[in-house]
Structure formats: structure tokens, C-alpha cells
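Novice: With the input below, show me the fold.
(one chain, ligands or ions: 2)
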Amino acid sequence: MTSRKTSASAPPDLAVEIKALTKIYSANGQGKRALDGIDLSIPRGAIFGLLGPNGAGKSTLINILAGLVIKTAGHARIWGIDIDGDPRNARAAIGVVPQELNLDSFFTPRELLDVQAGLYGVPKAERRTGELLELMSLTEKADALARTLSGGMRRRLMMAKAMVHSPPVLVLDEPTAGVDVELRLQLWSTVRALAAAGTTVLLTTHYLEEAEELCRTIAIIDEGRLVACDETQALVRKVDEKKLSLTLIAPVTELPAALRAMGLALEAPDRIVFHYKPSRAQVGEVLAAVAAAGLAIRDVSSEETDLEDIFLRLTRSGTAS
Ligand code: ADP
Ligand code: MG
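Specialist: Ligands and ions are numbered 1, 2, ... in the order given. I've put the predicted structure just below:
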């Protein structure tokens, strides 16, 4: 069950396709709805970010794809392969780096990768141990005991371990949770290198900045539901917007055409509003145009939105339904 089987035909447009995925954990007869009808399409060749606060259901979703958690309802395809119809090959198409690092400390990185390749039935001649160690900058530590590795090295070794069977899709569950800034930057560059080499990367994170920095597309989930899914650029464009409010001394019934043409609107008889992109619009010009139109301004205020605001707005309890 190597990835050769899956790469024989043309690669799918969607690396992962999820439909109405639902998971209810039952404990002591009580049901916990961790995923509630998630639809998600992850294009091939992306760094795709699954963003959400703690408890949102990110790990549950990942673990269903990995075959570690049994879904309650819905469907999922990995690299075009249904996880129910052909679980073996679906699992062969994905490599998962779990949130918790559990490394066997008494192996060396080289041994660990060899053992893992053996578990996946990768023939000796096709093993990529040396190449993966190189890719993860672990060549110098190839024969050191895993317990002597630094935190960053351990995480990179876990990534290498998830890739021994050359899966087209690599999933990283909270790769940088609780790591320091330097290590985070290091891991980001490793992820970028993997993606550049053709691997589709799906990563979960509860750090907005990380999703914004790394991911082409971001899905936001909260309380088991999808609350947003958009190209990062589009999300950021929404964010690159400010609202300028001008309170007039004397109310008017209509704005002069010249001001309307600039995108200004009347929100109330004594209030003009202007939505603009700080990266483009010149507030000075707007104020000058209003003055030139003979309207006297009593007060000026401006509100800013950022990704944090959008995230909070989207993930606030009750807004998801
Ligand atoms: P995330 O990874 O986004 O932090 P999880 O998928 O780990 O979220 O958890 C989603 C919800 O499901 C949480 O409320 C969590 O407490 C619950 N949960 C996770 N695993 C189990 C389990 N094995 N049994 C019962 N509830 C669970
Ligand atoms: Mg988690």
C-alpha cells in the first residue's frame, strides 16, 4: 500500500473532499457533537489552513481522515479515494503529524524512519530515508538517539515519519502550538519547502497569524461547524477596510454628485460614511472634497477591522447557526 497505486491515474483536483461530516462522541450516554455537518474541499497543491479555537473540532476532523476516529455520518475522500470504500488506500494517500508528539526515544532518526517505512510496506529499494532526513535538516543527527534531539528536530522527525510512504497529502495538527518564535519560523519554512516540492499540506492552527502567513486558503470552524472558507487574500481584503464617519454641523437631504462619485454615502442626515481601503484611498482627499462641497464637519471618526475582529465575529457562540 504505497502511494504508487494512487498516483497511477491523473491526480485529482481536490486533495481532500469532505461532505456533511459529523462526529458525535458518546461518553456516559451523553453525546458530544464535535463535528456538525462539515463540507470542505481542499484543492490539490495548497497549503490549506483549518483555523479554529480550542475545542472547535479540528483534531477530530483530522483524525477521521487519518482513520483514527470513526465518523458518525458523512463522507470523506482523500486524493479521490473514499475512506469507507477503500480505507487502506485512503490511508496510504495521507500522512498525519499528530498534535501530541510521541516519539520512541530509543531509536535514532534513521532507524525510526526505516521502521515506519517497513510498517507501510515500502520496499527497501524505494525507501527515502536519506532524502527525508536531508529535507528535514536532520542528516547530522541521523544516527543520534531521538531523545537527544531538540524540540524542533523532534517535530521535523515527526514530519519525516509521516512522509515515509510518500503521501500526496500531509496533515499537520497544530504544528507550532506552544513552540517559541524561532522554531515556529523554522517550521514554517519547512512547510513551505514541502508544499513547493508538490505536497498538499493541510494544517490546523488556532493562530490567526500562522494561517495568514502560510495558507493560500483558510477554513474557519467553530463548535463543529464551518463558519468561513475563503482564499486568504480574500479574507485579508475584507480586513483591509476602514470605515470613516463624518458628522456634519448642518444636516443635508442628499449628497452632492461629486461626493457620491467618490463612494461616500449618507447614513443619516448629519452623517456621511465612507468605506475605504487604507492601502489605497487618501482620507485627505475625501475630507478636502467634502469641504469643497460646502459641508462643514463637526466630527471625524474611523473604525478598523482586522483578521482578529473577523475571527472573533465569526466564532462568537451562536453566530454559526
Ligand atoms: P480541537 O482540535 O479543535 O481543539 P477537538 O477535535 O480535539 O478540537 O475536540 C472537539 C470537541 O470534541 C471538544 O469539545 C472535545 O472536548 C471533544 N472531544 C474530543 N475528543 C473526544 C473524545 N475522545 N471523547 C469525547 N469528547 C471528545
Ligand atoms: Mg486539536
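Novice: for residue 79, what are its contacts?
Specialist: Counting by Cβ atoms under 8 Å, 6 or more residues apart in numbering, residue 79 makes contact with 6, 11, 12, 15, 16, 90, 93, 94, 168, 169. To be clear about C-beta, it is placed using only N, CA and C from the backbone, and glycine gets the same treatment.
Novice: right, and the pair among the residues you listed with maximum separation?
Specialist: In the contacts of residue 79, two members sit farther apart than any others by Cβ to Cβ. They are 11 and 90, at 15.1 Å.
Novice: if you count what's nearby, which of those two comes out ahead?
Specialist: Neighbours per residue, other Cβ atoms under 10 Å: of residue 11 and residue 90, the larger number sits with residue 90, 22 against 15.
Novice: Going along the chain from the helix or strand harbouring that one, find the next helix or strand for me.
Specialist: Residue 90 is located in helix 87-92, with elements delineated by DSSP states H and E. For helix 87-92, the following helix or strand on the C-terminal side (DSSP H and E) is strand 94-97.
Novice: Can you confirm whether that following strand lies near ligand 2?
Specialist: No. No part of strand 94-97 sits near ligand 2 under the criterion Cβ under 5 Å from the ion; the closest distance found is 12.2 Å.
Novice: Name the residues that touch that strand?
Specialist: By Cβ under 8 Å, 6+ apart, strand 94-97 touches 62-63, 65-66, 68, 78-79, 155, 158-159, 161-165, 167, 169-173, 175.
Novice: Now which of those residues would you call buried?
Specialist: Neighbour-count burial (16 or more other Cβ atoms under 10 Å) applied to those gives 62-63, 65-66, 78-79, 155, 158-159, 161-165, 167, 169-173, 175.
Novice: Helix, strand, or coil at the most centrally placed residue in the chain?
Specialist: Taking Cα atoms, centre = their mean, the centroid of the chain lies closest to residue 49, which sits 0.9 Å from it. For residue 49, the assignment made with DSSP: H, G, I helix; E, B strand; the rest coil gives strand.
Novice: That one: what's it in contact with?
Specialist: Here residue 49 is in contact with 203, 204, 205, 210, 211, 214, 215, 217, 218, 219, 232 (Cβ under 8 Å, 6+ apart).
Novice: now, which of the buried ones among the contacts of strand 94-97 lie within helices?
Specialist: Among the buried ones among the contacts of strand 94-97, the ones falling in helices (DSSP state H) are 62, 63, 65, 155, 158, 159, 161, 162.
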